[in-house]
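1. Give me a model of this one.
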Amino acid sequence: MSHGKQFTLYALQAGPNPWKVAFFLNELGLSYETIYFDFQKAEHKAPEYLKLTPTDAFPPSSTTRTTTSPFVASTTRESGAILLYLAEKYDTEKKYFVTSEADRFAVLQWLFFQVSGQGPYYGQAAWFSFYHPEKLPSAVERYQNEIRRVLGVLESVLSKQEWLAAGKLTIADLSFSAWNNEVGGLLGPEFNFEKEFPATFKWHQRIVAVPGVKAGFALRKELTGY
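-> A predicted model of the protein is given here:
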């Protein structure tokens, strides 16, 4: 971990899950360094990485806090858990989180839906479309249909309200942005996000215009070319 940085984020350059953490770190103004792994070389399965996360999933985030001397280091893994940790520990003004119990559980419901619903289905669509050694059209179709189902769930809510929960932008909204930015590539050139899911598209555009998110996507494009 670099001296002077509050966090080390372990990530894939193109992998959506670490970027939602980077977006939130940017918005909170927290300092961090990012260590990128090469997915094609299976660097994320190296023994030193598995010491941080037994699931070999991205991202674990190591934090260094100056509350004692020397620094106190800890590690949090799973992107949803990291967002929640950052919100509870560092969003002191509750700009992206909430204070009431009702709002808290509303945010958590959507956060859990993202990590258990959106992420896995979009990820499987990406795997069977681009990485699986065999061409399996039925698998691609299944997960593309699941993407549309998830977008339909979002549309049913966002057609009635501006944000998912608590009447404002929260970590729940931020959590969906990285994978939703991939829907064009996952659903193919005939998919028209704005036409098929207009409220969700407008919501997504509001999120990607948030300065910390915008900066994150700009860096991702610099690193990956897209």
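2. domains for the chain, by residue range?
-> What automatic domain parsing lists as the domains of the chain is 7-92, 101-211.
3. where along the chain do the helices fall?
-> 16-28, 47-50, 79-90, 101-113, 119-126, 137-158, 171-180, 183-187, 193-196, 198-208, 211-224 (DSSP state H).
4. so how far is the fifth one off the chain centroid?
-> When you say that, I think you mean helix 119-126. Remark: helix 119-126 is offset 13 Å from the chain centroid, using CA atoms, centre = their mean, to the nearest Å.
5. What distance do you get for the residue lying closest to S177 once chain neighbours are set aside to G188?
-> Excluding the flanking residues, the one nearest S177 by CB to CB, 6 or more residues apart in numbering is I207, at 4.6 Å. Every C-beta, even on glycine, is put in place using the N, C-alpha and C of the backbone. Between I207 and G188 the distance is 23 Å, computed by CB to CB, to the nearest Å.
6. Count the residues that sit near Q13.
-> A count of nearby residues for Q13, using other CB atoms under 10 Å, gives 17.
7. do the same with K160
-> When neighbours are defined as other CB under 10 Å, K160 has 8 of them.
8. repeat for G80
-> G80 has 20 nearby residues by other CB under 10 Å.
9. Run a quick check on it versus L111, I expect a contact.
-> Yes. Assessed by CB atoms under 8 Å, G80 is found in contact with L111 at 5.3 Å.
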